[in-house]
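S.K.: Predicted coordinates and the sequence they were generated for:
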Amino acid sequence: MFDNMGFGEILIIVLVILILFGSKKIPDLAQGLGKGIREFKKAIKDVEDDIKKPADDDKKSDSKPENK
């Protein structure tokens, strides 16, 4: 997606962000973005764990012999 962007284009984007948000807001925006990404990754991991847990339980119950 960003493979064909040159240094000049990236510099223009950074300058526009600086103009729009100001230098004082950018650390707050970056911190909020970091927290959002962290929460998103945690949610994905939780869903993956929830999906894997029943599959692991099924494997354990299949491998145990039943005593009658």
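M.R.: Yes, it's here. Numbers count the residues shown, from 1 in each chain.

S.K.: Now for Leu33: which residues touch it?
M.R.: For Leu33, no residue counts as a contact, taking C-beta atoms under 8 Å, 6 or more residues apart in numbering as the criterion. For glycine as for every other residue, the C-beta is placed from the backbone atoms N, C-alpha and C.

S.K.: Within the helices and strands, which one has it?
M.R.: Leu33 belongs to helix 7-63 when elements are defined using DSSP states H and E.

S.K.: Distance of the most centrally placed residue in the chain relative to Lys24?
M.R.: The structure's the chain has its C-alpha centroid closest to Lys41; by C-alpha atoms, centre = their mean the separation is 3.7 Å. The spacing between Lys41 and Lys24, counted by C-beta to C-beta, to the nearest Å, is 28 Å.

S.K.: Distance-wise, check Lys42 relative to Gly36.
M.R.: Counting by C-beta to C-beta, the separation of Lys42 from Gly36 is 11 Å.

S.K.: same question, Asp50
M.R.: As defined by C-beta to C-beta, Asp50 lies at a distance of 21 Å from Gly36.

S.K.: any idea how far Lys45 is from Gly36?
M.R.: If you measure Gly36 against Lys45 using C-beta to C-beta, the figure is 15 Å.

S.K.: go on, Ala30?
M.R.: Ala30 sits 23 Å away from Lys45, going by C-beta to C-beta.
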